[in-house]
Each structure stands twice: as structure tokens, then as C-alpha cells.
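Colleague: Prediction below, plus the sequence it came from.
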Number of protein chains: 2
Amino acid sequence: MQSYGIKALLEKGKDLLLQEVVVNGWVRSFRSNRFIALNDGSTINNIQVVIDFENFDESIIKQISTAASLRVIGEVVESQGAGQAIEIIAKEIIVLGVANSDEVQGTILQPKQHSLETLREQAHLRFRTNLFGAIFRVRNSLMFAVHKYFNENGFVYINTPIITGSDAEGAGEMFQVTNLDLNNLPKTEEGAIDFSVDFFGKATNLTVSGQLEGETAAMGLGKVYTFGPTFRAENSNTSRHLAEFWMIEPEVAFFDLDQNMDLSEDFMKYVITYAMENCKDDLDFLAQRFDKEQQSKPAAERSELGLLERLEYVLNNKFVRLTYTEAIEILKESKPNKKGKFKYPIEGWGADLQSEHERYLVEKHFKTPVILFDYPAEIKAFYMRMNDDGKTVRAMDVLFPGIGEIIGGSQREERLDVLDEKMAKFGIDPEELWWYRDTRRFGSVPHSGFGLGLERLVLFVTGMGNIRDVIPFPRTPNNAEF
Amino acid sequence: MQSYGIKALLEKGKDLLLQEVVVNGWVRSFRSNRFIALNDGSTINNIQVVIDFENFDESIIKQISTAASLRVIGEVVESQGAGQAIEIIAKEIIVLGVANSDEVQGTILQPKQHSLETLREQAHLRFRTNLFGAIFRVRNSLMFAVHKYFNENGFVYINTPIITGSDAEGAGEMFQVTNLDLNNLPKTEEGAIDFSVDFFGKATNLTVSGQLEGETAAMGLGKVYTFGPTFRAENSNTSRHLAEFWMIEPEVAFFDLDQNMDLSEDFMKYVITYAMENCKDDLDFLAQRFDKEQQSKPAAERSELGLLERLEYVLNNKFVRLTYTEAIEILKESKPNKKGKFKYPIEGWGADLQSEHERYLVEKHFKTPVILFDYPAEIKAFYMRMNDDGKTVRAMDVLFPGIGEIIGGSQREERLDVLDEKMAKFGIDPEELWWYRDTRRFGSVPHSGFGLGLERLVLFVTGMGNIRDVIPFPRTPNNAEF
């Protein structure tokens, strides 16, 4: 007798008619002492198991309740109900695990509407809901698409360090990692903490980006990408920030900014297409949820497009590319700016763009994803390549509807003398980054890359509103449960 | 004019004859002012660029030296030399980055034999050597195979938390993560460190395993796997330990131990096959290195098999499965045990197996990979399923030639009462693991999983001897450089 996952079973459908099969799963519902909706997590869809209660012991029937787990042996038959091709007539049911209904009532497994907040507090159980099953299957699909895309295009996956002794970027927002006894910290003669006796012989932190190490790898392997956890000790309790999130950072030797823009557009379209092709049922479910949620919003905040339309819109439009300088002109002359509708009015060149500006460009002005490039050097990182104008750098940001900036990248400064000047201006100790400077000393090459926060991408594709709902166990201020 | 990566160029080979192409790369060698070996990291092989120095400015020729980076425009012609089908006659050479030979001499880019130790100290440059190019392309291939295997088999990739407030497993070996000012630690009234004001509102650590969280995901999604960084603050300065390494942990609902063994064997054969099919050139190079290294060892320590033979040996043999109890019998009666050759003599049941015992079973006794199972409960973790004998648990270890244990796994204890008993015996606070216990409260199911350290796998496939050489930036006691 063949055992099937429910996804495979439903896909084979009528090919299996009259065959005896084994399926395992959790009870989603049990109606009329007769119809069990069984789910095993492989798909959002349930298989209906029909039992003839006269043929089963009452003690078994009593144990069948929402959230209980079963092994069912039965025959595949054509379904009489709507929306399903097949169902299973149970011949034997083994209750693997009961679910006492009094206890279930205290949890999100109880079949009723729970707030996302409540679901988050039981993150260990939310995998068993339709919504989070769908979200995490979509997340999985996007992650696989990332690896597949880079693999097909000759990129080498590189694991840059998580624990790092380098704090050249983002100092102050980093988590400290230590093995010292905090109740008895060793001190130097001068009274400072003696990190020389810590595990790594110096103070260490959790990485905020693998880019600088990724660049060293690209300088040998040509095309590389990192994909790993990244950390920010920022005390931001918003729906867009996590203290721990997953970042994708490709880095390509010999690429200039134009090629970097091509890569980002091609990459985004590939991974979204992949998820749409491989998670149709889940995305249909999420699209319905998205519509319902939009309806409960004030008209002005509603998305003009449904979830799937918004994805299609990204796939079917060439991303508009324009310089920061051009964008500032458009924004300065825009209606919301003139009417004082922007929270941060645009007065002129040099302003740092906010999400409201980015979304205006994407959603109102161009009605297509936008890549802005050539930003003022002052508002961007030290490693970005200086343009000949001496004021702007070869930075790029990819802006998406509903979300604003989703990708940030640049062509890197490959000229050692210019890099040194920039590091001095930004107050970065060249000794600290000796290894980064080294890549510009021996056969330096033009190169480019970008960073994409995975959770931002999952937010966009699933249409969820809070980043805590697209990562299994969110880490935020005051929350490291599980 | 088409630009090519060198791998693609060599693969197309004679199809490109007489075409004008652009290639980029770093100079590996420059002979007779005429022959440049150019490499761009896409393959271990170089493309030969031939220049007629009479057609080039002397100033250009002077800048062409080992480690310099070039853009070459030229014509593809049939090669006169051995071992290469095509070469490029340069029409134009742009020196992208020079490499001053005095400076290069102080680095591992200088073309001579460097010790692995020296290469490690310049980890940021070792990507540019043949050896590390090969290692990291093989590592990449194995990582992609991991994702591909699980994707094809319906597993959902789950990111379990890196920062965790849970220290139920492996306490004492964990790195602490904090955002407190170590120079001014807040204290409670009782004088203890007040972690309630730390970023997460409590003491947190870096994860030692995603298994427990992975189990909660499998209890909803059915088949899941984690693949992420894992940490040990163990002060082990050996060739087999890293403080930061990447771990693969599948977890499958409804799987018993037999299915878990099947999965581990199928999985290992798949990923090794994938690397062999996709990294032929790199593995040939590594196999030559392996042979050379074996020759420098005393006869008794030499591997009987070459690198590729050892891989084939894993692929072509069914893994022998035997109980711990059977293994102890074999070991007790073995020649090395009787002759006192084991460092840790086997006296009887209950002994924890050492690498020497595992390797004896694999390399001498069975001459095939071995899966040992049903270990004494005392030497295994609390979450492993108790057998009816009351002494052994459904643990399994997969043992490989040359390496010993490569995978450790088990069927998990799904019975809440038995789990509670075990936790009490192991001194684990049930309140701490309330969420883990929860998965046994509502529809608990039999389930199984295992863990594989990626770097152990890369060691095995590349034949390298030190784990620091198979991860880009190793973290070990007193070393968190880069």
C-alpha cells in the first residue's frame, strides 16, 4: 500500500481512483461525525476523509477532533462535494495524537479568527494555520528561486562570517558577542575590559552585512552571492524592522552600475515568476486575504491593485531608470510637494528620499518599478564609486509599489586612492580594513553588487503588512521567545 | 562584440573560432612577454591569451604581471599548445588594475608553494588561488545540491532563529549576545546583571542547533529543513572544530527511524553525485592534491583509496545498518581492541564510540559506510525516542570513511509523558521549553530528523584535512579576523 503526501495525492487525483492509500495529517475539521478535512502541510488544500461511523469504534470517533493527528488507510473515490476531485473512504484510522478540545481552546489551533498578534505569540503553532502555511511555503519558494537563479547564472554561494571582529560599518547598531563572564569581567591595567582573553581574543559583533567580505570573494571567484542572517541592534519597533533578518547580497567582478541594474531587474523578475509558478494555491489564498484586508482600510490607503496584479505589474513592466537628480526635480514639482502633502517636503538637491517619495514615484508618477541611481555622495556609504562630477556616487535603489526601497546597491570604488580619501572623510580606520584595501592593491577591478532583505521580498509577494509575519521566529526589541 | 566568462568560453570552445570576444580576468602567469594565462574564477582552467608584443605599447606590456587584472579583446583561434582547444589572439588589452610585483611578493598571490597556514592568514586573497577556487566551487555545488534535493522532495526551507533566549541544549558552550554597555552593566537590586533592560529583555545566546524550532515547523508543514550558521563556544583548537559553522537539519513528520536512515542515505548520495557531476575539473584537481598529500604521509596513515574512489565507494555501496549493541560486540572482539591498539579500549556496552572505533567499523570491518542506531539512552540527547527495552533510544549516526561520524539523528520522543520524564532526568526545566512540549500536546506525531555539519561534508568531498580550509572565513579560538 502506497503512502502519499496530500499534495501528491491531490495532484494525482483521479489517477488513483479505487486504489488503497495511506495518508497522514492533522484534522482541520470534523463535520457530522463523517467528514474529516485532513492537512499535512504539503499544500494549503485538505483531503477529505469520509468515515462511516458505523464501521468504526466509538472510542476512535471520539478521539477525532480538530488538531488531532491521524494515519488513515482508505480507498480513493471520486468526490461528491464541490471543489475537490477525490476523497478517501476510510477503512482504518489510527489516531497518532489526540488533541483535547479544552486545551486546544486556549490556543490558535482553535478554528476561529485569531489576530496576527495572537498568532505571533504562538509562533510555534502558527505553522499549522492556512495563513502561515501559505506564507512559509511562499518564503521557501522564493529562497529556492534565489539559489536557483544564481546557480544558473554561474554565481558561487559564499558564507561570509556571522561573528565579526570588524565594525567598520554601522558601529553602534551591532550586537556584541562574548564568552566572558559578565559577572566577573576581566580588566586591563588601565581598567578597560580585557577582550584579549575573550574567545576570539578581541571584541566581536554580529554582522550587519556580508558585502565587504563578499567583495573579497568576488575578486577571486568572479560572481558570488551571500545569503545569510544579518543583524541590527536598532531599537525600532515598527512593522518593517527586525533585529535578525536574512539578506541576499550578490557581488560581481567586472560589472558596472548598468549591469548591476540589469542584474537586479532580471533577478527580481525571476524569483517572483518562480514563486507565482510554484505557489499558485498559496498565492490565491493570500490574494483573497489581501483583498479582504484592503476593504477594511480607508479608501486613500487602499492598494489600487490586487496582490497578483501587483506581482504581474512588476513582471510586465520595464523598470524605469532615472538619476536621483531627475527624481528630485520630479518630486519638487509634484502635486503632493506643492500642496504640502509630504511629511518631509522636498526642497532641493541633497535631500534623503523617504518612503513617501519613493512610493510617489513608483505608484503615482511612473506607475512602474523604478531604479534611482547616482545619489549624492554624502547620503551614501563610503565604498560607493565616485562619479566624475565629484558630488554623486554610483549608487542605485530599486523601488517597488507598496513597499518603497527593496534593493540597495552600487558600483564599488575600485580606485585605492579615491577609496582611501573616502575612508578618511568617513572616519574609517584604514588599518581596520587592511584586507578590504588589499583587494584594490593587486589587480583591482570594477565591480558591483546589491543587497536585498529577504523579508521585504516576502512581504511584497505575500502582501502581508508586518515583517514579523514573514519570518518563522521574529526577533525584535524585547522579544526573543522560542 | 560578445563578452564571455572563461568557463563559458572554454565550453563553447571551437564553436567560437575566428570570432572576436571580450574576456576579463586576473593574470595567473605571463610567459615570454607573449603568453598570458587568464582566470576569472568561473573555472579552475585558464584561457591563454597570446600577444604579439610588437603590436602593443611597451607601457601596457610592462603592466601585465601576475595578479594584474585585464580586459582583453581578441580573436578566438585554435590553440597550438597541449591541453587547450582554443586561445585568444589579443587585439586590445585594457589593464584594469596593476599589481606591483614588489607588493605581490609579500602575499600568497606570488606564484609559489604557500602553506595552508599562510593561506589562512590571507583568507581574503585565497579565493584567487587554484586550490581555494576549487574548494569554494565544490562547497557551492554541495550547498546548491542540498537545496535542490529538499526542494525536489517537498521540504520547506525554514530559518530558525540565530539569536535565542532558549538555552535548554548545550548550555555553557554558547556565545552570549548582548546590547548592554559592558562598561556599565545594569544591576538588579540583588546585584545580578539586569538583562530585563537588554535588547531582548532577557539574556540571549547564539543558537547551537535549530532542531527544536525545526520540529515545531515540521509539526505543521510536514517536511522541513534548516540550513544556517550554528555556534559553539568550545575552546577546541583542532582541525575538526569551528566556533561558527553551517548546519543542515531536516525534520520530517510521520517518519520513523528507518525512514530517517533511508533519507540520510539517499540525501548523501544525491549531494555527492551532484558535486561530482558539476565540479569535475575542480575535483580532478583536488584528487591530484589528495594523492600528493597521501604520499607524504607515513604508510599506516595513508588512505587506501584516492579521493574520487572514496566518493564512488560511498555512492556504490548500500550503507550497512547495525545496532550500537552489535557494533560493540564487533569492536570488543576486534584485533585492534584485543591488541590494545585503540586509545580508548572497548570494554563493553555503554561506551561512547570514538572516531577510531567508527573508522574501524567503516574502513576495516565493513568497508562501506555504516549507520549505527539504537544507542544507550545515557549517552544521547533527551529528545530521542525511548525504545521498549527502556535502555536504548532511537538514535542513529552515519559513519563515513576517513571522517567517522558525519550525520547524527534520531526519531524524536513524541509521547509527552515520556518526554517529561526524560527532561526531568536531564535536569531540563519544562517551563523553559513550554513551546516544545506544546507540539506533543495537540496532535503529536512520530517524527524524525538529523543534523549534518556542512563543513564535514565539504571536508569529505574535497579531501582537505583541516576544517578551516573549507569555510571562507573560519572562526576559531583567538581568530575572528576579517
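Modeller: Arrived safely, thanks for sending. Residues are numbered from 1 along each chain as shown, chains lettered A, B, ... in the order given.
Colleague: What are the boundaries of the strands in the stretch 151-300 of chain A?
Modeller: Using DSSP state E, counting those that start in this stretch, the strands of the stretch 151-300 of chain A run over A:156-157, A:163-164, A:176-178, A:204-206, A:223-231, A:244-253.
Colleague: okay if I get those strands as JSON lines plus distance to chain B?
Modeller: Where C-beta positions appear, they are placed from N, C-alpha and C, glycine not excepted. Listed next are the strands of the stretch 151-300 of chain A as JSON lines, based on distance: least, C-beta to the nearest C-beta, whole Å:
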{"stretch": "strand A:156-157", "distance to chain B": "4"}
{"stretch": "strand A:163-164", "distance to chain B": "5"}
{"stretch": "strand A:176-178", "distance to chain B": "5"}
{"stretch": "strand A:204-206", "distance to chain B": "5"}
{"stretch": "strand A:223-231", "distance to chain B": "5"}
{"stretch": "strand A:244-253", "distance to chain B": "6"}
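Colleague: in the stretch 51-200 of chain A, what spans have low per-residue confidence?
Modeller: A:167-172 (pLDDT under 70).
Colleague: where along it do the helices fall?
Modeller: A:58-63, A:101-105, A:116-121, A:130-152 (DSSP state H, counting those that start in this stretch).
Colleague: Just want the angle from the last one to helix B:130-152.
Modeller: So that's helix A:130-152. 150 degrees (axes from the mean of the first three to the mean of the last three C-alpha atoms, to 10 degrees).
Colleague: Any part of helix A:130-152 near chain B?
Modeller: Yes. Looking at helix A:130-152 against chain B by C-beta under 8 Å from any C-beta of the partner chain, the contacts come from A:132, A:133, A:136, A:137, A:139, A:140, A:143, A:144, A:147, A:151.
Colleague: Could you name the helices and strands sitting against that helix?
Modeller: strand A:156-157, strand A:223-231, helix A:257-278, helix A:280-295, helix A:454-462, helix B:130-152, strand B:156-157, helix B:211-221 (3 or more C-beta pairs under 8 Å, 6 or more residues apart in numbering or on different chains; DSSP states H and E).
Colleague: go with 7 Å
Modeller: With contacts defined as 3 or more C-beta pairs under 7 Å, 6 or more residues apart in numbering or on different chains; DSSP states H and E, the packing partners of helix A:130-152 are helix A:257-278, helix A:280-295, helix A:454-462, helix B:130-152, strand B:156-157, helix B:211-221.
Colleague: Present these as a markdown table; the columns should include distance to residue A:244.
Modeller: Output for those, formatted as a markdown table (distance: least, C-beta to C-beta, whole Å):
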| stretch | distance to residue A:244 |
| --- | --- |
| helix A:257-278 | 22 |
| helix A:280-295 | 24 |
| helix A:454-462 | 10 |
| helix B:130-152 | 21 |
| strand B:156-157 | 16 |
| helix B:211-221 | 13 |
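Colleague: Using CSV, write out every CA atom in stretch A:416-423.
Modeller: C-alpha atoms of stretch A:416-423 as CSV (Å, rounded to 0.1, in the frame of the first residue of the first chain):
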residue,chain,number,x,y,z
LEU,A,416,42.6,52.7,-3.9
ASP,A,417,43.5,56.4,-3.7
VAL,A,418,39.8,57.5,-4.0
LEU,A,419,38.8,54.8,-1.5
ASP,A,420,41.4,56.0,1.0
GLU,A,421,40.2,59.5,0.6
LYS,A,422,36.6,58.5,1.2
MET,A,423,37.5,56.4,4.2
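Colleague: Identify all contacting residues around that stretch.
Modeller: A:382, A:386, A:413, A:430, A:437, A:440, A:441, A:444 (C-beta atoms under 7 Å, 6 or more residues apart in numbering or on different chains).
Colleague: What's opposite the second one in the beta bridge?
Modeller: Residues found in beta-bridge contact with residue A:386 (criterion: DSSP bridges) are residue A:393.
Colleague: same check, this time on residue A:157
Modeller: In this entry, residue A:157 is beta-bridged to residue A:225, by DSSP bridges.
Colleague: Isn't it up against residue B:138?
Modeller: No. Applying C-beta atoms under 7 Å as the test, residue A:157 and residue B:138 come out as separate, 11.5 Å apart.
Colleague: so of the helices of the stretch 51-200 of chain A, which one's packed in deepest?
Modeller: Highest mean neighbour count among these (mean count of other C-beta atoms under 10 Å in any protein chain shown): helix A:130-152, with a mean of 22.
Colleague: Now the phi/psi pair for residue A:20, please.
Modeller: The phi/psi pair for residue A:20 (degrees, to the nearest 10) reads phi -90, psi 130.
Colleague: what about the residue nearest to residue A:254 when sequence neighbours are not counted, helix or strand, and which?
Modeller: Spatial nearest neighbour of residue A:254, excluding adjacent residues (C-beta to C-beta, 6 or more residues apart in numbering or on different chains): residue B:24 at 4.2 Å. Using DSSP states H and E, residue B:24 falls within strand B:20-31.
Colleague: on that earlier part again, and which of the contacts of stretch A:416-423 is nearest residue B:97?
Modeller: Closest approach to residue B:97 among those (C-beta to C-beta): residue A:444, at 3.5 Å.
Colleague: Identify the bridge partners of residue A:230.
Modeller: On the basis of DSSP bridges, residue A:230 is bridged to residue A:245.
Colleague: That one reaches residue A:208, doesn't it?
Modeller: Yes. Between residue A:230 and residue A:208 there is a contact at 6.1 Å, judged by C-beta under 7 Å.
Colleague: Among those two, which residue is more densely surrounded?
Modeller: Taking neighbours as other C-beta atoms under 10 Å in any protein chain shown, residue A:230 and residue A:208 compare with residue A:230 leading, 24 against 20.
Colleague: Report the contact partners of the more buried one.
Modeller: By C-beta under 7 Å, 6+ apart, the neighbours of residue A:230 are A:207, A:208, A:209, A:245, A:247.
Colleague: hmm, 10 Å instead?
Modeller: Shown in contact with residue A:230 (C-beta atoms under 10 Å, 6 or more residues apart in numbering or on different chains): A:160, A:162, A:206-210, A:242-249, A:451, A:453-454, B:162.
Colleague: State the distance from it to residue A:271.
Modeller: 18 Å (C-beta to C-beta, to the nearest Å).
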